[in-house]
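Student: This is a predicted model, with the sequence first.
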Amino acid sequence: MATDFSPEILDQLLAGGSLKPEDLAGEDGLFRRLKKALLERALGAELTHHLGYEKGDPAGRGSGNSRNGTSSKALLTDDGEIEIEVPRDRAGTFEPVIVAKGQTRFDGFDEKIISLYGRGMTVRGKRSFLRTYAVERGDGMRCPP
């Protein structure tokens, strides 16, 4: 997992000329879209771990359980409500961790990240903390990073 964004990726994200504050933090700003994309990517990774195979992998055929689309979910975050797509499995046994079933709020994540920088934590320490925060399961099992 990369720890920094390359200048090319940042240029791509900020493409379009001069930016106003609302372009970054507004209703449809970059920060909210990134949060949505990261949450959906993490949920997809959790489902992959749950099923035991990657999306499109032939190993999943005949496994008894497979991906079954997504469900829309409204999630209230520190900077307002966002709609995320939560993946489903056919057997209905997938229990997401980063955004649990029935969870409607996703507070404090931004502050936790900022506090890591404020404490002078190393990049390795931050990565370890984020893995634990995002994928620790209630039954003590950990999803792979």
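Tutor: Arrived safely, thanks for sending.
Student: Distance check, Glu93 against Leu19.
Tutor: No Glu there; residue 93 is Thr. Distance, Thr93 to Leu19, by C-beta to C-beta, to the nearest Å: 44 Å. In short, each C-beta sits where N, CA and C put it, glycine included.
Student: Those two: which has the busier surroundings?
Tutor: Taking other C-beta atoms under 10 Å, Thr93 and Leu19 do not tie; Leu19 has more neighbours (12 against 9).
Student: Quick check: chain neighbours aside, which residue is closest to the most centrally placed residue in the chain?
Tutor: Nearest to the geometric centre of the chain sits Leu39, at 2.3 Å (C-alpha atoms, centre = their mean). Counting by C-beta to C-beta, 6 or more residues apart in numbering, Ile84 is the residue found nearest to Leu39 once chain neighbours are left out, at 5.3 Å.
Student: Can you identify the element that follows whatever helix or strand that neighbour lives in toward the C-terminus?
Tutor: Ile84 belongs to strand 80-89 when elements are defined using DSSP states H and E. Once strand 80-89 ends, the next helix or strand along the chain (criterion: DSSP H and E) is strand 105-106.
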